[in-house]
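In: Please find the sequence and the predicted model below.
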Amino acid sequence: MKSLLTVLVLALFATPAFAAGSASTHPFNAMDLAMMARVSDPHLSPDGAEVAFSVRETDYAANKGMTSIWTLNLKQPGAKPQKLMPGNSPRWSADGKTLYFLSDKTGSSQLWQAAAGGNPEQISKLPVDINNYQISPDGQHLLLSLDVFTDCNDLACTKARLDARAAQGGASAAKDRTSGAAADKASGRLYRRLFVRHWDKWSDGRRSQLFMARLDGNGKLVGDPVWLTKGIDGDVPSKPEGDDTEYTISPDGKTVYFDVRIAGTTEPWSTNFDIYAVPADGSAAPTNLTAKNLAWDGFPLVSPDGKTLYYLAMKTPGFEADRFAIMARDIASGRTHEVDPDWDRTAGPLAISPDGSTLYTSADDWGNHALFAVDTRSGAVSKLASDGTVTGFDVSGSHLVIARQDFQHPTDLYLAGLHGENFHQITRFNAARLKTIEFADFDFFTFKGWHNDTVQGYVMKPVGYIPGKKYPVAFLVHGGPQGAWTDDFHYRWNPETYAGQGFAVVAINFHGSTGYGQAFTDAISQHWGDRPLDDLKAGWEAALKQFPFLDSKRACALGASYGGYMVYWMAGVWNQPWKCLVDHDGVFDARMMYYATDELWFEEHENGGTQYDHPANYEKFNPLDHVKDWRVPMLVVHSSHDYRIPITQGLGAFTALQRQGIPSEFLTFPDETHFVSKPQNSVMWHNTVNAWLKRWTSPDSTKH
């Protein structure tokens with residue numbers, strides 16, 4: 001039985017735009033998006049007989065997601081996925097007899113295990129949370145990532161300091177970055193270097209560090225974990241997005257490899273990650289293996305025979321969107337070479353076949369995020385899963401398990417052979433819900449953009465499309481800017497939500513987008529306002545010519561992050577086609593953005609240096625300087641915990657709109673970050689945006 005809250009929210013979507021749906025179906029909407037089960041992080045058992053994975057389900061009334069561990073027996077015909085218990089990060093032991101995972105069921109993120117045929121059992125009771133982990137090949141040790149104060153000598157010290165801070169209302173501070181002293185009732189925190197805050201959290205002085213823990217005969221952690229990265233002034237894995245792909249254990253269990261950025265006071269403007277090696281028993285300090293490369297080296301993986309270290313490497317210091325090449329280092333000699341020099345894509349984290357002959361990685365590629373196989377000897381690259389978006393994968397024995405999604409299907413798991421053969425679906429988590437939903441169809445198209453280069457975009461028809469009829473348009477501008485619109489089931493910017501409201505959708509992968517070669521991606525740096533704008537203009541014109549159902553007189557443009565920057569920029573320099581604009585967390589003042597954001601390497605690369613050394617670069621494409629030409633109604637969305645693009649950017653834009661009398665609204669979430677993630681907030685976001693679009697594109701609108 002539906003809760004009253006759910007019924008009320010569903011009623012919000014009972015608009016005339018849904019007339020296309022039959023009695024048993026309805027066009028896709030924001031509530032559908034919020035309630036989908038989200039499958040992720042698949043891992044095959046060593047014998048390939050089972051797959052373990054995570055599923056996030058939504059408790060809408062509680063306004064949160066709940067993630068649990070699931071398993072599926074692949075050898076038993078007709079077997080159904082089985083839910084184990086709340087948790088995440090499932091990993092199999094080397095012998096396949098035990099499944100490990102993290103759970104906060106007892107109030108702290110700790111390790112649990114489930115032996116074959118047994119009940120789940122907590123095996124760690126550390127005084128701090130476990131971020132992520134790996135299992136040693138011998139099954140007797142666990143490599144843990146823990147957040148600790150680096151001037152502490154043990155975990156108890158970190159716990160005591162956190163408890164004291166909580167008791168003082170957050171008053172205490174870490175000595176490394178802060179004063180190390182505070183009055184008992186004072187809440188102030190004195191910082192001595194950046195980061196002061198990063199992405200969505202204020203720095204509290206802790207670092208993510210690696211520890212090796214020993215298991216006893218019953219599989220429980222015993223003794224104090226050995227601190228492997230003590231003395232490393234960096235995060236392993238990196239914050240805030242790091243995971244266990246940033247470290248690995250050699251097959252013989254004797255060496256741990258990890259990537260880390262040790263930048264000291266220059267951390268916010270450095271991308272110089274390096275690969276380190278450290279004895280797994282902590283008997284020696286870590287050794288830097290990639291010191292000569294001042295750009296990003298990361299994501300280490302050792303070959304099954306233990307002779308080769310594979311990793312990813314960039315070439316341009318300070319550039320986070322440079323191409324990640326696949327590197328191979330002979331462990332004995334130190335000789336290193338690039339595996340894939342002829343492949344013009346940026347690789348993601350790696351996996352390797354049992355015989356060591358093939359590396360697996362995923363990458364953006366012409367509007368998809370595909371799975372690729374790379375021959376370790378020749379460097380030849382072949383595409384295995386080509387359409388849609390691969391969100392995760394694992395290899396074991398003779399099988400690949402692949403997490404895949406597309407515009408009309410949220411992520412499910414697929415099984416295939418090591419060469420992509422016999423590709424077939426093995427889970428259908430949202431099957432019942434999908435049967436009640438109508439989705440829209442789409443078409444990729446290409447046109448000539450800036451520099452006469454071929455540029456790709458897509459157009460999506462509205463649900464219930466009728467040939468010969470014209471439809472209002474949602475023109476989407478992606479963020480990044482080194483990102484792309486791909487065929488995926490996006491949980492924030494899903495084009496099907498607009499198509500379900502009766503809008504056609506146009507999306508352009510302008511210069512700067514990923515998946516079209518590194519030169520195409522590089523073209524946007526120091527050119528935020530001209531080259532991509534040329535592509536957006538050309539793409540809009542091409543779409544209107546190729547798809548006559550697009551109503552050019554009833555179109556609104558929407559974008560977030562860099563896309564939000566572009567919406568502000570378009571408001572001053574290309575506002576003629578648009579009936580309305582929607583800006584989410586965009587850059588309004590490029591000058592102040594430099595001084596208020598967290599990761600300065602991004603601003604400095606994209607603008608050719610610091611603002612004080614190159615002020616003209618920051619003014620060249622600064623939306624603030626064109627406010628006098630704004631005239632299109634705009635909805636501005638910006639949230640309080642966005643530290644990448646701080647909320648003052650959105651407030652400044654709203655002030656500019658209000659002061660000039662331009663119809664405008666400001667939507668803010670005090671509990672959200674650069675993204676709107678909580679279920680009810682997401683539904684409110686979509687309701688507000690859709691109402692704004694409909695207000696200004698309705699046939700009888702004469703407001704503009």
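Out: Okay, I see it.

In: Now do the contacts for the nearest residue to Trp528 once chain neighbours are set aside.
Out: Of all residues not flanking Trp528 in the chain, Phe621 sits nearest, at 4.8 Å (C-beta to C-beta, 6 or more residues apart in numbering). Any C-beta I mention is one placed from the backbone N, CA and C, and that applies to glycine too. Contact analysis of Phe621 by C-beta atoms under 8 Å, 6 or more residues apart in numbering lists 527-530, 569, 590.

In: biggest separation within these, which pair?
Out: Taking C-beta to C-beta as the measure, these span a maximum distance of 13.9 Å, between Asp530 and Ala590.

In: Have a look at these two and say which one is more surrounded.
Out: Ala590 (26 against 16; other C-beta atoms under 10 Å).

In: which ones are touching the more buried one?
Out: Going by C-beta under 8 Å, 6+ apart, Ala590 touches 607, 618-619, 621-624.

In: How confident was the prediction at it?
Out: In this model, Ala590 is scored at 98, pLDDT.

In: and if you look at Gly139?
Out: pLDDT recorded at Gly139 is 91.

In: Can you tell me the centre-most residue of the protein?
Out: Glu241 (7.6 Å; C-alpha atoms, centre = their mean).

In: And what about that residue, helix, strand or coil?
Out: Under DSSP: H, G, I helix; E, B strand; the rest coil, Glu241 falls in the coil class.

In: contacting residues around it?
Out: Glu241 neighbours (C-beta under 8 Å, 6+ apart): Trp199.

In: Ok, the one 4 residues further on next?
Out: Shown in contact with Thr245 (C-beta under 8 Å, 6+ apart): 237, 299, 349.

In: re earlier: just the buried ones from the contacts of Ala590?
Out: 607, 618, 621-624 (16 or more other C-beta atoms under 10 Å).

In: which among those gets closest to Pro27?
Out: Relative to Pro27, and with distances defined as C-beta to C-beta, the nearest of these is Pro623, at 34.2 Å.

In: Now do the phi/psi pair for Val148.
Out: phi -140, psi 160 (degrees, to the nearest 10).

In: Find the helix or strand that the residue nearest to it when sequence neighbours are not counted is a member of.
Out: Excluding its sequence neighbours, the residue lying closest to Val148 (C-beta to C-beta, 6+ apart) is Thr158, at 4.6 Å. Following DSSP states H and E, one finds Thr158 within helix 155-167.

In: In the protein, which helix is the longest?
Out: helix 679-697 (DSSP state H).

In: Which positions in that helix come out as buried?
Out: Neighbour-count burial for helix 679-697 [16+ other C-beta under 10 Å]: 679-687, 689-690, 692-697.

In: OK, contacts around the closest residue in space to Gln82 that isn't next to it in sequence?
Out: What sits nearest to Gln82 in space, not counting adjacent residues and going by C-beta to C-beta, 6+ apart, is Thr71, at 5.3 Å. Listed by C-beta under 8 Å, 6+ apart, the contact set of Thr71 reads 50-53, 81-82, 84, 90, 99.

In: Those residues: which two are farthest apart?
Out: It's Pro81 and Leu99 that sit farthest apart of the contacts of Thr71, by C-beta to C-beta, at 13.8 Å.

In: Who has more neighbours out of those two?
Out: Using other C-beta under 10 Å, the more surrounded residue of Pro81 and Leu99 is Leu99, with 23 against 17.

In: could you dump the host helix or strand of that one to CSV, C-alpha only?
Out: Using DSSP H and E, Leu99 sits within strand 98-103. Extracted C-alpha coordinates of strand 98-103, given in CSV (Å, rounded to 0.1, in the frame of the first residue of the first chain):
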residue,chain,number,x,y,z
THR,A,98,33.8,-15.9,2.3
LEU,A,99,32.2,-12.7,1.3
TYR,A,100,33.3,-9.5,3.0
PHE,A,101,31.5,-6.2,3.1
LEU,A,102,31.1,-3.0,5.0
SER,A,103,28.1,-2.2,7.1
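
In: Mind checking the pLDDT average for the helix or strand just after it?
Out: For strand 98-103, the succeeding helix or strand toward the C-terminus, using DSSP H and E, is strand 110-115. Averaging pLDDT along strand 110-115 yields 95.

In: go on, stretch 238-258?
Out: pLDDT averaged over stretch 238-258 gives 94.

In: pLDDT below threshold where in the stretch 51-200 of the chain?
Out: The stretch 51-200 of the chain contains residues with pLDDT under 70 at 169-184.

In: all strands of it, in order?
Out: 64-73, 82-86, 88-92, 98-103, 110-115, 121-122, 130-135, 141-149, 197-198 (DSSP state E, counting those that start in this stretch).

In: and the contacts of Thr245 as CSV, adding distance to Phe547, secondary structure and neighbour count?
Out: Below are these laid out as CSV (distance: C-beta to C-beta, whole Å; DSSP: H, G, I helix; E, B strand; the rest coil; neighbours: other C-beta atoms under 10 Å):
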residue, distance to Phe547, secondary structure, neighbour count
Pro237, 44, coil, 23
Phe299, 40, strand, 27
Pro349, 37, coil, 20
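
In: Ala284: which of the residues you listed is nearest?
Out: Minimum distance to Ala284 across those is 21.4 Å, recorded for Pro237 (C-beta to C-beta).
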